[in-house]
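>>> 3D model of this:
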Amino acid sequence: MKCMKLTIRLDDITATMHRENFDRFIALCDTYDVRPLLGVVPENRDESLAIDPPMEDFWERIRALQSAGYSVAMHGCYHIYTSESGGLFPLNHLSEFAGLSGEDQEALIRTGKSILESHGIVTDLFMAPAHSYDKTTLRVLKENGFTRITDGFGKHPYVRDGITFYPISFRRSSSLAGGDGVTTLVVHPNTMTEEEFAIYEEIFRTHRILPYSDYLSMPGAPRSFPGNLKEYLMADLKRRLVQRGNRKTS
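Modelled structure (predicted):
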């Protein structure tokens, strides 16, 4: 049976994140020689991500992980939602970027990049808060030296509007079941439970996890309009399914 190649990305990496969960997941990665992507928020202003007191060695830690083979993406700027736009990939109807003017998006992207670089973190990879971005976001990212985004659905990297996209998993269970191609499992360390830690330890034990840097070395193929439309409809469907599931459990 063919096995889909898997990569890992960690969202919401801030100085005030759940440090015990983060340290525990990094230790798990190191045990199984997994090298994921870290989505680092340049200057967190989202109170929901302020879980623990700020780590005094946060930036030193991120630089050390990057030197050890971990990849880093700029995860927005402040992680503050400014609109209710789902943008081009409507997994959520929240965004820090989609729906804003080019000038406002330019200010956010330029500021976020400057903050990261002031701490010695250089990257051309972008991770949108709530997975939401629009065509203006893509244009402004390119103008500021970003060439890649971690998002979208598909079995392989693809190119859209001059940006290479590295898809994420539509459903974890389906990605683990088999098939071909490569995708990314999205992990939020801040909210991980004991069950989630056990699930990921089993995944790491039974699957070969591709270093995210290897994923980034794969070339992207052009994506057609039908492919973009299919992705949009899949994202909207997943949003509706998640909403329906939340209503059932509330």
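>>> would you tell me which helix is longest in the chain?
In the chain, with assignment by DSSP state H, the single longest helix is helix 225-249.
>>> Pro36 reaches Ile13, doesn't it?
No. Counting by CB atoms under 8 Å, Pro36 stays clear of Ile13, with 10.4 Å between them. Quick note: C-beta positions are derived from backbone N, CA and C, even for glycine.
>>> and the contacts of the longest helix of the chain?
Helix 225-249 is contacted from outside by 86, 88-93, 131, 152-154, 158, 160, 170-171, 223, using CB atoms under 8 Å, 6 or more residues apart in numbering.
>>> what about burial for the residues you listed, which qualify?
By neighbour count, with 16 or more other CB atoms under 10 Å, the contacts of helix 225-249 hold 86, 88-93, 131, 152-154, 158, 160, 170, 223 as buried.
>>> just for the protein, where's the confidence low?
Along the chain, segments meeting pLDDT under 70 span 1-2, 247-250.
>>> can you pull out the helices in it?
According to DSSP H, the chain carries its helices in the segments 19-31, 58-67, 102-118, 135-143, 172-177, 194-206, 212-216, 225-249.
>>> farthest pair within the contacts of helix 225-249?
His93 and Tyr158 (23.9 Å; CB to CB).
>>> ok, the spatially most central residue of the chain to Val72 distance?
By CA atoms, centre = their mean, the chain has its centre lying nearest to Met127, at 4.8 Å. Distance, Met127 to Val72, using CB to CB, to the nearest Å: 9 Å.
>>> show me what contacts Asp11?
For Asp11, the contact set (CB under 8 Å, 6+ apart) comprises 39, 75, 127, 186-188.
>>> again with Tyr212
7-9, 35-37, 70-71, 184.
>>> then Asp134?
Contacts of Asp134 (CB under 8 Å, 6+ apart): 85, 87-88, 95, 97-99.
>>> alright, that wraps it up for me.
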